[in-house]
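Trainee: 3D, please:
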Amino acid sequence: MVTPYAPNRDGIANYAVQHVKRLRAEGHDVEVLSPGPSAAHHHLDLKGRRGPLALAKRVRAYDRLIVQWHPDVFYPYPATARELTEVTAGLLVCFRGAKAVEVRAHEVNRELGQRRDPAGALARAMWRSVDRIVVHTDTERDELARAYRLDPARIEVVEHGGHFERRTGLTQADARRRLGLPQRGHRFLAIGFVQPHKGFDRAVRAFRGLDRLGAALDVVGSVRVEEPEYLAHLEELRDLVAATPGTALHEAYVSDEAFDAWIVAADTVVLPYRFIWSSGVMERARLYGRPVVATRVGGLADQAPPGTTLVDDDEQLRAALWAAVGATPDEPLPTAAVESAPWPAGADHDTLQAEVRRRARAERAAEDDVAGAGAVPAVDGEALLGVGVATRGADRRAANLRRVPPLGLPRAVSARPGASGAKRWVRRLTAWQIDPLVTQLNRLRDAAIADLEEGGSPPGGSGR
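Mentor: Numbering: from 1, shown residues only. Just a heads-up that it's a prediction; the model follows:
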């Protein structure tokens, strides 16, 4: 089995561990190869043109090759047309050299199959060479078949949680006690890696006002990949949670047992995803009989267990959370924060991420308008004055500056033939000039943040 593997912080790794356990229980001899250091038997760097060819040398010794598929395991991001062609050609050689190939598709690059160039043609041939293709929902099957011109009858739909097992026997009271949570009150849970497409910020906004009814929302998770875009989103989520009574951000990667304990401790699991193929969290909620509120994206509608509340936008999400505690929202969301327009169907990763950023900017603008129009908060019955107001303003300015990611140099890649090599040479020739500037700018950014967090004034300001 070729897959990310434990103890890696990866949902596919967790899925693979349970799949391996099931296969061994059925009497199979399973060896695991992972793309990085892990508890697997073998390790091999699979990314880039050499990875699939190196894998091809190993697969002939086995009766069956099982690939837990995610494009990021094999393809660099962003990838040039040449890289797409070379990696896909290597995978085609690998699959055709194996005795039998099973691919479990956890996420697929649909745009690659629709390209009208050698990379697209090779990708369609690669998927046709697979003996058994497995997905988790009917929607995924239809999208994969359409993208790569496959016969849908060749694609098998297998329940996402078919290999899942319970990892805790705690009752709800015991789980709350172990996690240090109050026993009373309706608790909502949004759990998983913190990424813009997970939409945890949507859950926090939809929760506003529910604290007055004794409810609470726990957001549990950590950043999976420390890229500037994800770190900036985490900063935004921190600020949003800090400004929303009744919500808490538990910023940590939790163990498998603790993950299930959080689900048991919750009354309702919230999946406010902006886009996704299928959800392991939904399957774990099903294991423990926890009600789910989820957005109608990807294959979630097909995957959802009975009793799941499916929503299409932020207003419906807010209404569903309030309905879970037997109430109706006492006020609508700010107009700019409502995601009323549908998310672009079939768009590529970059388009979706750009739309996430655009809507986040609109939501922050609405929040700033509300904050600016409100009264100055009070502490122990007294209004914050003088230095207190300056401190609050400094905190907001520091948060805004933290949202600006550190400056980094882009990869020297291009879709135009020969341009990538030229860019790499230019990069080497100018490094002595560019690198010190990048370092200095990042130091200035860090110093400005530190100064503002200490309560200082911006340059030229009075602190009031």
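
Trainee: List the buried residues for the longest helix belonging to the chain?
Mentor: Determined from DSSP state H, the single longest helix within the chain is helix 419-453. Judged by neighbour count (16 or more other Cβ atoms under 10 Å), helix 419-453 contains these buried residues: 420, 423, 445, 448-449, 451-453. Quick note: C-beta positions are derived from backbone N, CA and C, even for glycine.

Trainee: again with stretch 44-52
Mentor: Buried residues in stretch 44-52, counted by 16+ other Cβ under 10 Å: 44, 46-49, 51-52.

Trainee: Using CSV, please lay out these together with distance to T80, pLDDT and secondary structure.
Mentor: Conversion of those to CSV gives the following (distance: Cβ to Cβ, whole Å; pLDDT from 0 to 100; DSSP: H, G, I helix; E, B strand; the rest coil):
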residue, distance to T80, pLDDT, secondary structure
L44, 23, 93, coil
L46, 18, 94, coil
K47, 14, 92, coil
G48, 11, 91, coil
R49, 11, 89, coil
G51, 16, 94, helix
P52, 16, 95, helix
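
Trainee: Restricting the selection to alpha carbons, write stretch 422-437 to PDB.
Mentor: This file holds the C-alpha atoms of stretch 422-437, laid out as PDB (Å, rounded to 0.1, in the frame of the first residue of the first chain):
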ATOM      1  CA  ALA A 422      15.700  30.600 -17.400                       C
ATOM      2  CA  LYS A 423      14.000  31.700 -14.300                       C
ATOM      3  CA  ARG A 424      16.300  29.400 -12.200                       C
ATOM      4  CA  TRP A 425      19.400  31.000 -13.700                       C
ATOM      5  CA  VAL A 426      18.000  34.500 -13.100                       C
ATOM      6  CA  ARG A 427      17.200  33.500  -9.500                       C
ATOM      7  CA  ARG A 428      20.800  32.400  -8.900                       C
ATOM      8  CA  LEU A 429      22.300  35.500 -10.500                       C
ATOM      9  CA  THR A 430      20.200  37.900  -8.500                       C
ATOM     10  CA  ALA A 431      20.100  36.100  -5.200                       C
ATOM     11  CA  TRP A 432      22.900  38.200  -3.700                       C
ATOM     12  CA  GLN A 433      20.700  41.300  -4.200                       C
ATOM     13  CA  ILE A 434      17.200  39.900  -3.500                       C
ATOM     14  CA  ASP A 435      17.700  37.600  -0.500                       C
ATOM     15  CA  PRO A 436      19.000  40.400   1.900                       C
ATOM     16  CA  LEU A 437      16.000  42.600   0.900                       C
END
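
Trainee: Excluding sequence neighbours, find me the nearest residue to the residue nearest in space to the middle of the chain.
Mentor: For the chain, the residue nearest the mean C-alpha position is Q195 (4.0 Å; Cα atoms, centre = their mean). Sequence neighbours aside, Y230 is the residue nearest to Q195 in space, at 5.8 Å (criterion: Cβ to Cβ, 6 or more residues apart in numbering).

Trainee: Is it correct that that neighbour is in contact with G221?
Mentor: No. Counting by Cβ atoms under 8 Å, Y230 sits too far from G221 to count as a contact (11.3 Å).

Trainee: okay, and the common contacts of those two?
Mentor: V194 (Cβ atoms under 8 Å, 6 or more residues apart in numbering).

Trainee: which residues sit in contact with the residue nearest to the centre of the chain?
Mentor: By Cβ under 8 Å, 6+ apart, the contact set of Q195 is 223-224, 230, 233.

Trainee: From R274, how far off is it?
Mentor: Using Cβ to Cβ, to the nearest Å, Q195 is found at 9 Å from R274.

Trainee: same thing with L33?
Mentor: Distance from L33 to R274, by Cβ to Cβ: 33 Å.

Trainee: okay, among the buried residues of stretch 44-52, which ones form the most distant pair?
Mentor: Across the buried residues of stretch 44-52, the longest distance by Cβ to Cβ is 13.7 Å; it joins L44 and R49.

Trainee: Might you report the residue contacts of the residue nearest to I276 when sequence neighbours are not counted?
Mentor: In this structure, I276 finds its nearest non-sequential neighbour in G298, 4.6 Å apart by Cβ to Cβ, 6+ apart. Contact analysis of G298 by Cβ under 8 Å, 6+ apart lists 137, 139-140, 273, 275-278.
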